[in-house]
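Peer 1: here is my input; please provide its structure:
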Amino acid sequence: MAPPAWSKSRVEVLEAAFRLEQDVYQLDARLDLHLPKDARAAIEAGLTLRLDYEVEIHRDRRYWLDAGVAGLTQSYEISYHALSQRYLLRNLNTGVQQDFSSLEAALSRVAELRGLPVIDSALLEQGSRYEVRVRAIVDLSTVPDALKWLLFWTDEWSGESEWYAWNVRP
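Peer 2: Numbering: from 1, shown residues only. Purely as a prediction, here's the structure:
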């Protein structure tokens, strides 16, 4: 039996890694992002998809709770521009905007995060162990309040991944 057309969105962090470049740790991540057919149609009809990458860094401490060192949220929006018939991907942190001919192309681009500057290496203590974790949150319920009562089921189109975590020792 096929899943219903209104099934939930699925988002999963498949891989993530830190790399040091010019004394700044940068994040690379790749998502598996699936939107149900009705959610895709809703984007084409004017709904905006928001995707947030949440990044946290904690320093492991032996005899006490781990210390939070840094946190960052990188946010994107995908919307459909009917006049140009293009999908717009906007980085909400920088304002940079790209356009794509298909929703699939825009989703593929937002599911590949490369070179996101997260933290200066001078802020991490040499020899200490840190846990870095990232997750992705998809929100398709960003509509004006006047329309929210019409689209009460859009919460099913939103979702979040589990935390993807790994250790770093500078």
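Peer 1: what is the least confident helix or strand in this structure?
Peer 2: helix 145-148 (a mean of 50; mean pLDDT, DSSP states H and E).
Peer 1: can you pull out the helices in this protein?
Peer 2: Listed in chain order, the helices of the chain (DSSP state H) span 37-44, 103-110, 145-148.
Peer 1: out of those, which gets the lowest mean score?
Peer 2: Across the helices of the chain, the stretch with the lowest average pLDDT is helix 145-148; it has a mean of 50.
Peer 1: what about the helices of the chain, which gets the closest to residue 95?
Peer 2: helix 103-110 (15.5 Å; CB to CB). In short, each C-beta sits where N, CA and C put it, glycine included.
Peer 1: contacts for the closest one, please.
Peer 2: 31, 33, 35, 40, 43-44, 51, 76, 78, 80, 87-89, 98, 100 (CB atoms under 8 Å, 6 or more residues apart in numbering).
Peer 1: what bridges to residue 50?
Peer 2: In this structure, residue 50 bridges to residue 77, residue 139 when assessed by DSSP bridges.
Peer 1: ok, it - contacts?
Peer 2: Residue 50 sits in contact with 75, 76, 77, 92, 138, 139, 140, 142, where contact means CB under 8 Å, 6+ apart.
Peer 1: of those residues, buried ones?
Peer 2: Using 16 or more other CB atoms under 10 Å as the burial test, these include 76, 77, 138, 139, 140 as buried.
Peer 1: and residue 61, what pLDDT?
Peer 2: 66.
Peer 1: meant to ask about residue 15
Peer 2: On the pLDDT scale, residue 15 gets 97.
Peer 1: likewise for the one 10 residues further on?
Peer 2: On pLDDT, residue 25 comes in at 96.
Peer 1: hmm, back to that, can you add distance to residue 109 and pLDDT and give the buried ones among the contacts of residue 50 back as JSON lines?
Peer 2: Below are the buried ones among the contacts of residue 50 laid out as JSON lines (distance: CB to CB, whole Å; pLDDT from 0 to 100):
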{"residue": "76", "distance to residue 109": "9", "pLDDT": "97"}
{"residue": "77", "distance to residue 109": "13", "pLDDT": "96"}
{"residue": "138", "distance to residue 109": "15", "pLDDT": "93"}
{"residue": "139", "distance to residue 109": "18", "pLDDT": "89"}
{"residue": "140", "distance to residue 109": "17", "pLDDT": "81"}
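Peer 1: and for residue 52, the neighbour number?
Peer 2: 15 (other CB atoms under 10 Å).
Peer 1: all strands of the chain, in order?
Peer 2: 10-21, 24-34, 48-59, 67-81, 86-91, 97-100, 112-120, 130-142, 159-160, 164-168 (DSSP state E).
Peer 1: just for the chain, where's the confidence low?
Peer 2: Residues of the chain meeting the criterion pLDDT under 70: 1-7, 61-67, 141-156.
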